[in-house]
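Visitor: just need the structure, nothing else, for what follows:
(2 chains)
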Amino acid sequence: MSVLLRVENVTKRFGGLVAVDNVSFTLEKGEFLGLIGPNGAGKTTLFNVINGVYKPEEGRIIFKGIDITKKPAHQIARLGVARTYQVVKPFSDMTVVENAMIGALFGKKAGKISITEARDIAMNMIELVGLKDKAEVLAASLTLHEKKKLEVARALSAEPDLLLLDEVLAGLNPKEIEESLKIISRAKEKLDFTVIMVEHVMHAVMNIAERIIVLHYGKKIADGSPQEVANEPEVITAYLGEPELALKFVKRLRREGE
Amino acid sequence: MKIGFEDILEYLKRPTLAIILIVIIAIGAMRAFHVTTLDTLILLSYFIGVAASLNIIMGFAGYVSFGHAVFIGIGAYIYMLSVYFNPLLNTLQHSGFGVGIIIVSILAAIVAAIVAGVVGGVVLRLRGAFFAIATIGLDFTVLYIIKAVVPDLDPDYFFGAQIILPKRCIVSKSDIFNAIYITLIAVMITNYIIKRSRFGAGLVAIREDEDAAESLGVPTAKYKTLAFALSAFFTAMLGAIFFLNGGGVDEMAFSLGKSIDMIVMIIIGGLGTVIGPIIGGIIYYWLYDTLLVHYPGVNLIILGIIVALIILFAPEGIVGIIRKRTFRGLKLRDLLE
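Guide: As a prediction, this is how the structure comes out:
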């Protein structure tokens, strides 16, 4: 396996607030990384730094051997990084297939494919996420679940090497979560890309991700398999407060369970 | 790509292109059979043309340029000064049954496009109302630069910076019509091509959500600037030819009313569609003309009320309303692209 993404000592500040604090990690091609942490841990900021929305104050980001730290977002997208948004951002006055076509027209194959080819790619991706029968519907009229699926389809249409999923499960009911997870696994299997997934729905991310990184106040506090991370005292503290208190809490839960 | 006869037939089945063709043929026929005066046809072509020009930045990219008259002014002034002071360009504009006029107005339009490109690179970072205000600022800035720079050719004229073309610079109305007619066709075709191109798709994505567009790979800054410059280019060409028909130019070329005319036409017709500005231009011209004839004095008051009612009850414009309907199971949206 080869290294796809290398995040080196990245720091991003907003005024006095350090949103991402000296974070480093490497991502191998084909990995499925879950990025978790309490509210305000800097997960979305890290996404924004990787895909070029924010420029970090310190550190570098190397993607496919290219330093993308200072590149504008659209160039990074063309190199093969696609993302979805936590708060969905559909192109409301376009149909579902037109939304996905934007991904195809300006993604990795930008300028190399015709409108018709882009439409074919878009249709495939829409079918993959299960929106085929809504292809000609205006994006504005979709439900939240459908809009989230559209976000994924639009990002996939760019045929990315790295897909950044920002809370695609938030706000969905358990049945929808299950369906979304299936769609993501299926797409990854079929299209062979690498994923970083920011997620609050803990059981979901623990199940689907092979590796988890935990951020807390912008710092990386754990990095490993879901089991390793779940047993890390620092992680438990971050989520539940004091470790002794947390331990008591967990014990009480167990007692109540019995 | 090979284009065969079938492809052309297929193209003609598209209502958008058919409507463009009908407008082109109708205006051409009215000219050929002397149905109405040349002034009427020139004014009509100007109205449709500037609406279609503004549509490129405001309709597709969603940036409301409230001071778009600045490009009418730049076009008109550069044109007048060129033919007034340069005998060569004056000879040129008299030649080729209107082709000369087009060439000189393209020169003026290039200046406008450069101004739009340079200024757009900065002001297009502003969004929404801030961009609109910045364009009004641009309008006034350029106007005062022109008032300071343009020699006072008529000291008796109150407003200053007025240029009245002498007899040697006056061209025939027939040539002017040819020039504005060809320019109108060019603007409409440009709109049509943009709408069906990757560039157009990118612009609409910018209008719908600029951040999402950028992160999907749309070079938003470049596209917006390009759209603004293209829009300025055609506006300036039409402005130059329109004022040439009036035989001169004064600071009214920069007036806010001219900007508002354009915006209102697009809104009446339907933002971001190819035929919206065309239909809006025709309706607005018709309203403007009828009201002026029948109710001189209060015509603008009535026009204002009608426009307010349209914006209140049909904010998506005429084409916008039709687009949402289905006709015998056929989605009209697909037809009107």
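
Visitor: following element in sequence after the helix or strand harbouring residue A:101, please.
Guide: Assigned by DSSP states H and E, residue A:101 belongs to helix A:96-106. On the C-terminal side of helix A:96-106, the nearest following helix or strand under DSSP H and E is helix A:115-128.

Visitor: alpha carbons of stretch B:211-226, as PDB, please.
Guide: Written as PDB, here are the backbone C-alpha positions of stretch B:211-226 (Å, rounded to 0.1, in the frame of the first residue of the first chain):
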ATOM      1  CA  ASP B 211     -18.700  27.200  -1.400                       C
ATOM      2  CA  ALA B 212     -20.000  23.800  -2.600                       C
ATOM      3  CA  ALA B 213     -19.100  24.800  -6.200                       C
ATOM      4  CA  GLU B 214     -15.500  25.700  -5.200                       C
ATOM      5  CA  SER B 215     -15.000  22.500  -3.300                       C
ATOM      6  CA  LEU B 216     -16.300  20.500  -6.200                       C
ATOM      7  CA  GLY B 217     -13.600  21.900  -8.400                       C
ATOM      8  CA  VAL B 218     -15.300  24.900 -10.100                       C
ATOM      9  CA  PRO B 219     -12.700  27.700 -10.400                       C
ATOM     10  CA  THR B 220     -15.200  30.200  -8.900                       C
ATOM     11  CA  ALA B 221     -13.000  33.400  -9.000                       C
ATOM     12  CA  LYS B 222     -12.000  32.800 -12.600                       C
ATOM     13  CA  TYR B 223     -15.500  32.000 -13.800                       C
ATOM     14  CA  LYS B 224     -17.200  34.900 -12.100                       C
ATOM     15  CA  THR B 225     -14.600  37.400 -13.500                       C
ATOM     16  CA  LEU B 226     -15.000  35.900 -17.000                       C
END
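
Visitor: and that stretch, does that touch chain A?
Guide: Yes. Contact check for stretch B:211-226 against chain A, using Cβ under 8 Å from any Cβ of the partner chain: residues in range are B:211-221. Every C-beta, even on glycine, is put in place using the N, C-alpha and C of the backbone.

Visitor: so which of the residues you listed belong to helices?
Guide: The members of the residues of stretch B:211-226 next to chain A that map onto helices under DSSP state H are B:211-215, B:220-221.

Visitor: ok, of these, which come out buried?
Guide: Buried members of those, counted by 16 or more other Cβ atoms under 10 Å in any protein chain shown: B:212-215, B:220-221.

Visitor: among the residues you listed, which pair sits farthest apart?
Guide: B:212 and B:221 (15.2 Å; Cβ to Cβ).

Visitor: I figured residue A:184 hits residue A:205, correct?
Guide: No. Between residue A:184 and residue A:205 no contact is recorded; they are 10.9 Å apart, counting by Cβ atoms under 8 Å.

Visitor: need the residues touching each of these two.
Guide: Contact with both residue A:184 and residue A:205 is made by residues residue A:197, according to Cβ atoms under 8 Å, 6 or more residues apart in numbering or on different chains.

Visitor: next, the residue nearest the centre of chain B: phi, psi?
Guide: When chain B is reduced to its mean C-alpha position, the closest residue under Cα atoms, centre = their mean turns out to be residue B:50, at 1.5 Å. Backbone dihedrals for residue B:50, given as degrees, to the nearest 10, come out at phi -70, psi -30.

Visitor: what sits against it?
Guide: B:68, B:72, B:234-235, B:238-239, B:261-262, B:265, B:281 are the contacts of residue B:50 under Cβ under 8 Å, 6+ apart.

Visitor: what do you get for residue A:98?
Guide: Each residue near residue A:98 by Cβ under 8 Å, 6+ apart is listed here: A:91, A:122, B:201.

Visitor: okay if I get those as a markdown table plus distance to residue B:298?
Guide: What follows is the contacts of residue A:98, written out as a markdown table (distance: Cβ to Cβ, whole Å):
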| residue | distance to residue B:298 |
| --- | --- |
| A:91 | 43 |
| A:122 | 53 |
| B:201 | 44 |
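
Visitor: of the residues you listed, grab the buried ones for PyMOL.
Guide: Those of the contacts of residue A:98 that count as buried under 16+ other Cβ under 10 Å are selected in PyMOL with:
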select buried, (chain A and resi 91+122) or (chain B and resi 201)
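
Visitor: for residue B:104, state which of the contacts of residue A:98 is nearest.
Guide: Sorting these by distance to residue B:104 puts residue B:201 at the head of the list, at 34.4 Å, by Cβ to Cβ.

Visitor: now do the SS call for the closest one.
Guide: Here residue B:201 is helix, with the state taken from DSSP: H, G, I helix; E, B strand; the rest coil.

Visitor: who's in contact with it?
Guide: So, once contact is read as Cβ under 8 Å, 6+ apart, residue B:201 ends up touching A:98, A:101-102, A:105, A:115.

Visitor: now which of those residues would you call buried?
Guide: Of all the contacts of residue B:201 considered here, the ones buried according to neighbour count by 16+ other Cβ under 10 Å are A:98, A:101-102, A:105.

Visitor: can you pull out the helices in the stretch 151-258 of chain A?
Guide: A:174-191, A:202-208, A:226-231, A:233-240, A:243-257 (DSSP state H, counting those that start in this stretch).

Visitor: mean confidence score for the last one?
Guide: The reference is to helix A:243-257. The average of the pLDDT scores along helix A:243-257 is 66.

Visitor: next one: the third one
Guide: The average pLDDT for helix A:226-231 rounds to 83.

Visitor: equivalent analysis for the second one, please.
Guide: On average, the pLDDT along helix A:202-208 is 84.

Visitor: tell me the bridge partners for the residue most central in space within chain A.
Guide: Computing the C-alpha centroid of chain A and ranking residues by Cα atoms, centre = their mean puts residue A:165 first, at 2.1 Å. Judged by DSSP bridges, the bridge partners of residue A:165 are residue A:197.

Visitor: surely it meets residue A:194?
Guide: No. Counting by Cβ under 8 Å, residue A:165 stays clear of residue A:194, with 11.3 Å between them.

Visitor: these two touch, right, residue A:154 and residue A:102?
Guide: Yes. At 6.8 Å, residue A:154 and residue A:102 qualify as touching, with contact defined as Cβ under 8 Å.

Visitor: quick check: neighbours shared by those two?
Guide: Taking Cβ under 8 Å, 6+ apart as the contact criterion, the residues that touch both residue A:154 and residue A:102 are residue B:216.

Visitor: among the helices of the stretch 151-258 of chain A, which is nearest chain B?
Guide: Nearest to chain B among these is helix A:174-191; the distance by Cβ to the nearest Cβ comes to 16.7 Å.

Visitor: ok now that closest one, how far from the chain's centre?
Guide: Using Cα atoms, centre = their mean, to the nearest Å, the mean C-alpha position of helix A:174-191 is found 13 Å from that of the whole chain.

Visitor: now do that helix and helix A:115-128, the angle between them.
Guide: 130 degrees (axes from the mean of the first three to the mean of the last three Cα atoms, to 10 degrees).

Visitor: which of the contacts of residue A:98 lies closest to residue B:271?
Guide: Sorting these by how near they are to residue B:271, with Cβ to Cβ, puts residue A:91 at the top with 14.6 Å.

Visitor: give me the number of residues near the closest residue to the closest one other than its chain neighbours?
Guide: For residue A:91, the nearest residue in space outside its immediate sequence neighbours is residue B:208; the separation is 3.6 Å by Cβ to Cβ, 6 or more residues apart in numbering or on different chains. Here the number of neighbours of residue B:208 (other Cβ atoms under 10 Å in any protein chain shown) works out to 22.

Visitor: how about the contacts made by residue B:208?
Guide: Counting by Cβ under 8 Å, 6+ apart, residue B:208 touches A:90-94, B:62.

Visitor: show me which of the residues you listed is closest to residue B:253.
Guide: Nearest to residue B:253 out of the contacts of residue B:208 is residue B:62 (Cβ to Cβ; 26.1 Å).
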